[in-house]
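S.K.: Need a 3D model of the sequence below.
(one chain, ligands or ions: 1)
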Amino acid sequence: MSATGGTPKTRSSEAMIRFDSVSKRYPGGLEALSEVTFEIPRGTMAFVTGHSGAGKSTLLRLIALLERTTRGQVLVAGQNLRRIGRRRVPYHRRNVGLIFQDHRLLYDRPVFDNVALPLVITGLDGPELGRRVRAALDQVGLLSRERAYPVALSSGEQQRVGIARAIVGKPPLLLADEPTGNLDPDLSREIMALFERFNRVGTTVLVASHDLELIRGTGYPRMVLDQGRLVQGLDHAGEPAGA
Ligand code: ADP
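M.R.: Okay, here's the model as predicted:
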């Protein structure tokens with residue numbers, strides 16, 4: 001078609017994440033998500049909030065293809081996840097950085113190895129591996145700790161190792177599940193500042209958290225889940241803190 005008249009309908013193709021009437025039922029369980037529809041534009045930093053059990057983790061797990069939808073479809077960067085077969089799931093995961101509350105680090109391996117893991121899986125080795133791992137550690141302020149074992153680190157530092165591991169492959173999308181759940185308010189703000197930095201250079205960031213204090217006044221859009229239903233679509237949590 002020639003470019004005549006009107007604006008093309010590009011909205012959906014611009015979305016980094018799109019849910020179309022998504023429901024998820026675990027085997028033998030109730031519906032963890034019911035008819036959830038939303039769109040998150042590329043380059044957005046957004047939150048999903050709700051009480052424990054509301055379906056926040058499930059929503060993130062569907063985006064990362066750790067779970068599959070029961071009904072409806074999820075699109076990531078325009079790709080319908082239904083069309084990604086089991087063998088191609090690892091390729092999808094390379095585009096999604098995952099951060100968990102409990103860090104999920106390998107405690108018998110030093111910091112360097114933990115952060116290197118996603119790149120090692122892709123076959124990267126040698127000086128380029130070292131360069132990229134150190135660049136990631138530098139971004140989270142842990143360059144000097146590459147030889148340390150996770151047990152020697154504070155909880156906040158362990159979380160930053162988890163973040164370095166999530167971003168080492170430079171994924172366009174970061175998903176964080178209760179990333180500040182075990183941290184005090186100061187450390188929580190530090191972690192949020194890191195996410196903001198990644199977002200400023202174009203990474204789309206979606207954070208699941210029940211911590212409303214953390215979100216209040218940040219100006220970032222948020223959506224609210226309640227017992228698997230989206231009771232509030234992407235909205236703004238307050239006025240931006242800065243200019
Ligand atoms: P949240 O992250 O908001 O706490 P979850 O997505 O973890 O919520 O859970 C939503 C619902 O799905 C809860 O009722 C939970 O018990 C259930 N659920 C989560 N994971 C599983 C699973 N693997 N098997 C069965 N039920 C699950």
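S.K.: Can you give me the end-to-end span of stretch 38-53?
M.R.: End-to-end distance for stretch 38-53, by C-alpha to C-alpha, to the nearest Å: 19 Å.
S.K.: So what touches that stretch?
M.R.: Defining contact as C-beta atoms under 8 Å, 6 or more residues apart in numbering, one finds that stretch 38-53 is touched by 11-12, 14-19, 56, 59-60, 77, 172, 195-196, 199, 202-210, 212, 215, 220-227, 230, 233-234, 237. The C-beta positions use only the backbone N, C-alpha and C, and glycine is treated the same way.
S.K.: List buried residues within those residues.
M.R.: Among the contacts of stretch 38-53, the ones that count as buried by 16 or more other C-beta atoms under 10 Å are 15-19, 56, 59-60, 77, 195, 199, 203-209, 215, 220-225, 230, 234, 237.
S.K.: Among these, which are located in helices?
M.R.: Those of the buried ones among the contacts of stretch 38-53 mapping onto helices are 56, 59-60, 195, 199, 215, per DSSP state H.
S.K.: List, one by one, the residues from this protein near the ligand.
M.R.: Taking C-beta under 6 Å from any ligand atom as the contact definition, the chain meets the ligand at 26, 29, 32, 50, 52-58.
S.K.: and with 5 Å instead?
M.R.: 26, 29, 32, 52-58 (C-beta under 5 Å from any ligand atom).
S.K.: Excluding residues flanking it in the chain, which one is nearest the most centrally placed residue in the chain?
M.R.: Nearest residue to the geometric centre of the chain (C-alpha atoms, centre = their mean): Leu175, 0.6 Å. Spatial nearest neighbour of Leu175, chain neighbours left out: Leu60 (4.7 Å); criterion: C-beta to C-beta, 6 or more residues apart in numbering.
S.K.: Name all residues that make contact with that neighbour.
M.R.: 48, 98, 175, 177, 206, 208.
S.K.: which pair in those residues spans the largest distance?
M.R.: Using C-beta to C-beta, the contacts of Leu60 span at most 14.5 Å, a distance reached by Val48 and Leu98.
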